[in-house]
Every structure is written in structure tokens, then in C-alpha cells.
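Peer 1: Sequence and predicted structure below; questions after.
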Amino acid sequence: KAGVTQTPRYLIKTRGQQVTLSCSPISGHRSVSWYQQTPGQGLQFLFEYFSETQRNKGNFPGRFSGRQFSNSRSEMNVSTLELGDSALYLCASSPSLSSGANVLTFGAGSRLTVL
Amino acid sequence: GESVGLHLPTLSVQEGDNSIINCAYSNSASDYFIWYKQESGKGPQFIIDIRSNMDKRQGQRVTVLLNKTVKHLSLQIAATQPGDSAVYFCAENLHPSGGSYIPTFGRGTSLIVHP
């Protein structure tokens, strides 16, 4: 089956602009999580969506937001971009079984460069 | 390819050697651990997992050891191959009081395999 698909793969923005990233999870997976990956901070959790609701949120400012649609596809948005937002943004999906922690399946990421 | 680990610990080995990658986790209440592998230009991929009621689990060429006393995980790769070159992350999962598991990722170790 198809994996997690993220678009766009690469994008360049300037400070003050906003950006929207898209993620299509594996078919049947209902949970979508977003991570920011930078060389200095590693993988940091942004938020998790399940059944169109934000279920968990990391420690990021309100400029970072997301949503999930009824087909489980998710988008994240970053407004008023700063240079420090340059990073690889990773989306991961999981079946979110009630039995406990699930393995995440990651997409290849969207590489954002802010100039 | 993507550069995701400019400041990571690095392990260099010769092809055919065994590799051991270590990880210290932070929360003694974490009860589920996963190792992920991230190749250049890709998102992290699941390698192997272990629950806290076990101290060892074996997969194909990989073994994970868990020492809860000192909060330490290790990933052993037997007969390391050039294709094993990647960044390796451990992730700890804390059973939530409510809601879902959100993994916390380690900083990662870059494994370089020389032919």
C-alpha cells in the first residue's frame, strides 16, 4: 500500500510569509502527527490529530497550527515565518489502535527554507 | 540528500563488523521503546521495538537491549552493511494518563559504514 505522502518536498519562503504543508497518511491510519527536525534540536513533536481533532500538542508557538480532514489527510500551517523555522517537517501516521502505543510511519518530509 | 545530523554523535565501522548504538532515555516510567533508522532524503523508518517487560528482543540482524535500571537502550546490528549507513533514533513512549502515546525521540547517532 502507498506510504505517507508529503507535499511539497522542498520550498523556499521569506520571513513574514506563511506556509501550508500537506500530508496524506497511509490508508486506514486515523492518527497523523507532525514533527519538526533540525540539526540543533532533533525531532520535536508539533501536534497530533485524530478524527479531525487535535489530540496532543507540543511546545510550539501559536504560529504553528494544523488540521485534519474527514479523510484523515492533514495540513499544517506556519504563519509569520521566522528564520528559525527553517527545518524538515515530518508527518507520521499510525493506526492509533486502542491497545497502546503505535509505530509511526513517516513521510519523506517537507524541507522548508526561510530566507 | 538531506542533512539531518550535523551535530550528532558518529559511529564509524567497517563493513562486516558488528555495530552497537546506544541511547539513554529520560523517563523511568516509559514502557515502550522503538528504534528508527533515517536514511538521507527519507523520513525515519521503524526497525525494532521493545516493551518494558522485556530486556532483549531480536530481529533480522538487529537486537535491542533494554536496561531499565540505568535507563539505557542499545541497538546491535550484526554484520553491518553499507546500506545500514543512516541516522538511528531511539524513541521512548510514556503510557499516558489519558489520550495517546506521544514518543520522545533521542538526538540520534550517525552510523557510517566503510566498505
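Peer 2: The structure has been received and is ready for your questions.

Peer 1: if you look at stretch B:24-37, does any of it touch chain A?
Peer 2: Yes: using C-beta under 8 Å from any C-beta of the partner chain, we find that stretch B:24-37 touches chain A at B:32, B:34, B:36. C-beta here means a position set from N, CA and C on the backbone, and glycine is covered the same way.

Peer 1: OK, contacts around residue A:82?
Peer 2: A:15, A:114 (C-beta atoms under 8 Å, 6 or more residues apart in numbering or on different chains).

Peer 1: And what about the most centrally placed residue in chain A, helix, strand or coil?
Peer 2: Nearest to the mean C-alpha position of chain A, counting by C-alpha atoms, centre = their mean, stands residue A:34 at 2.9 Å. At residue A:34 the chain is in strand, as set by DSSP: H, G, I helix; E, B strand; the rest coil.

Peer 1: Give me the pLDDT for the nearest residue to it once chain neighbours are set aside.
Peer 2: Distances taken as C-beta to C-beta, 6 or more residues apart in numbering or on different chains place residue A:46 nearest to residue A:34, at 4.1 Å, with adjacent residues excluded. Residue A:46 is assigned 95 on the pLDDT scale.

Peer 1: Pretty sure residue B:58 is one of the things residue B:65 touches, is it not?
Peer 2: No: if you go by C-beta atoms under 8 Å, residue B:65 and residue B:58 don't touch, sitting 9.9 Å apart.

Peer 1: Name the residue in those two with the higher neighbour count.
Peer 2: Neighbours were counted for residue B:65 and for residue B:58 using other C-beta atoms under 10 Å in any protein chain shown; residue B:65 has more, 17 against 12.

Peer 1: Dig out what that one forms beta bridges with.
Peer 2: Residue B:65 forms beta bridges with residue B:56, residue B:74, as assigned by DSSP bridges.

Peer 1: Next: residue B:21.
Peer 2: residue B:75.

Peer 1: Let me see the contact set for the residue in chain A that chain B sits nearest to.
Peer 2: Per C-beta to the nearest C-beta, residue A:106 is where chain A lies closest to chain B, at 3.1 Å. By C-beta under 8 Å, 6+ apart, the residues touching residue A:106 are A:4, A:90-92, B:36, B:43-45.
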